[in-house]
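Asks: Give me the fold of what follows.
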Amino acid sequence: MSKRIVFRASADAEFSEAAEWYEKQRQGLGLEFLDHVQNVLDAIAHDPLRFSIALRDIREALVSRFPYAVYYRVKPDRIVIIAIFHCSRDPAAWQSRN
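Replies: Now for the predicted structure:
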């Protein structure tokens with residue numbers, strides 16, 4: 001049974017900004033990014049404990065083909081997306097989020 005996924009506002013903004021950036025680089029690339037992230041979100045919803053712990057209780061799932069990772073926390077009734085984060089950025093930026 002899949003859990004409900006909710007986004008923190010900062011994660012939702014990162015997701016949108018990244019998709020827009022990729023779309024500006026090449027038409028259709030933003031949609032490809034969205035599809036790859038959606039595949040990761042589906043995997044997380046289906047089996048949230050599948051991915052390894054990155055920090056305390058926050059897990060990390062890598063996005064294929066794009067240098068991004070999805071950071072999330074598993075709650076009893078939902079999965080909270082903390083960040084959709086470019087892997088070359090300083091991880092302290094997402095690690096400071098509660």
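Asks: helices and strands around the helix or strand harbouring Ala83, which ones?
Replies: Taking DSSP states H and E as the criterion, Ala83 maps to strand 78-86. Applying 3 or more Cβ pairs under 8 Å, 6 or more residues apart in numbering; DSSP states H and E, we find strand 78-86 packed against strand 4-7, helix 9-25, helix 29-46, strand 68-74, helix 92-95. For glycine as for every other residue, the C-beta is placed from the backbone atoms N, C-alpha and C.
Asks: Next, format those as TSV and append mean pLDDT, mean neighbour count and distance to Ser52.
Replies: TSV is the format used below for the helices and strands packed on strand 78-86 (pLDDT from 0 to 100; neighbours: other Cβ atoms under 10 Å; distance: least, Cβ to Cβ, whole Å):
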stretch	mean pLDDT	mean neighbour count	distance to Ser52
strand 4-7	96	14	18
helix 9-25	95	15	19
helix 29-46	97	16	12
strand 68-74	96	22	11
helix 92-95	58	14	15
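Asks: Which one, of the ones you listed, ends up nearest to Asp57?
Replies: Nearest of these to Asp57, taken as Cβ to Cβ: strand 68-74 at 5.8 Å.
Asks: elements contacting the closest one?
Replies: Counting contacts by 3+ Cβ pairs under 8 Å, 6+ apart, strand 68-74 is packed against helix 29-46, strand 58-62, strand 78-86.
Asks: quick one: Phe66 and His36 touch, right?
Replies: Yes - the pair Phe66 and His36 qualifies as a contact (Cβ atoms under 8 Å) at a distance of 5.7 Å.
Asks: Strand partners (parallel or antiparallel) of the strand holding Ala83?
Replies: Strand 78-86 has the following strand partners under DSSP bridges: strand 4-7 (parallel), strand 68-74 (antiparallel).
Asks: quick check: angle from that strand to helix 29-46?
Replies: In terms of direction (axes from the mean of the first three to the mean of the last three Cα atoms, to 10 degrees), strand 78-86 departs from helix 29-46 by 150 degrees.
Asks: list the buried ones in strand 78-86?
Replies: Ile79, Val80, Ile81, Ile82, Ala83, Ile84, Phe85 (16 or more other Cβ atoms under 10 Å).
Asks: Turn those into JSON lines, including pLDDT and distance to Gly28.
Replies: Output for the buried residues of strand 78-86, formatted as JSON lines (pLDDT from 0 to 100; distance: Cβ to Cβ, whole Å):
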{"residue": "Ile79", "pLDDT": "97", "distance to Gly28": "28"}
{"residue": "Val80", "pLDDT": "97", "distance to Gly28": "30"}
{"residue": "Ile81", "pLDDT": "97", "distance to Gly28": "24"}
{"residue": "Ile82", "pLDDT": "94", "distance to Gly28": "28"}
{"residue": "Ala83", "pLDDT": "94", "distance to Gly28": "25"}
{"residue": "Ile84", "pLDDT": "94", "distance to Gly28": "19"}
{"residue": "Phe85", "pLDDT": "90", "distance to Gly28": "23"}
